[in-house]
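Asks: Got a sequence here, can you model it:
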Amino acid sequence: MGHVIARVTATPATLELIAILRGRHGPLMFFQSGGCCDGSAPMCYPAGEFNISDTDVYLGNLDGTPFYMGCEQFEYWEHTQLIIDVVDGNGGMFSLDNGTGRRFLTRSRLFTDEELAVLKQSA
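Replies: Take a look at the predicted model:
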């Protein structure tokens, strides 16, 4: 496997909602909520509005939008690829998708043994 393995990806519906929110709010960022307040939803903020700490893990970007997760939560999710999707409903109260009638949702799949080997080599 000679290609980069993405830790986070987005569905076409997600990319569409990101473009709408970027048009309204400018540059964006995501942080995977760890279960407080808004459950475990991926939270979308204006870039720089959510303080990233030295212990947070950068997972990649979705159409230029960086995506982070806390290190303790990453320990549980490191064997999975996050697939950010959009479904009908209300977004998290602090997330920019709130009020759009759609919300971001994290789906996941386990990495294969081959993919995990590639990820470990690139770490």
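Asks: Which stretches in this structure count as helices?
Replies: Taking DSSP state H, the helices of the chain run over residues 12-25, 71-77, 113-122.
Asks: of all these, which lies closest to N98?
Replies: helix 12-25 (10.6 Å; C-beta to C-beta). Bear in mind the C-beta positions are built from the backbone N, C-alpha and C, glycine included.
Asks: mind listing what's buried in the closest one?
Replies: T14, L17, I18, L21, R22 (16 or more other C-beta atoms under 10 Å).
Asks: what is the mean pLDDT for stretch 34-46?
Replies: For stretch 34-46, the mean pLDDT works out to 76.
Asks: What is the neighbour count of P27?
Replies: Neighbourhood size, P27 [other C-beta atoms under 10 Å]: 11.
Asks: I figured it hits P46, correct?
Replies: Yes - if you go by C-beta atoms under 8 Å, P27 and P46 touch, sitting 7.1 Å apart.
Asks: can you pull the contacts of the residue at minimal distance from the centre of the chain?
Replies: Computing the C-alpha centroid of the chain and ranking residues by C-alpha atoms, centre = their mean puts F67 first, at 4.7 Å. Shown in contact with F67 (C-beta atoms under 8 Å, 6 or more residues apart in numbering): V8, M29, F30, F31, Q32, P42, Y58, L59, G60, N61, L82, I84.
Asks: isn't R109 right up against H79?
Replies: No - taking C-beta under 8 Å as the definition, R109 is not a contact partner of H79, at 10.0 Å.
Asks: my guess is T100 contacts I20, does it?
Replies: Yes - with contact defined as C-beta under 8 Å, T100 counts as touching I20 (7.5 Å).
Asks: tell me, how many neighbours does F74 end up with?
Replies: The burial count for F74: 17, using other C-beta under 10 Å.
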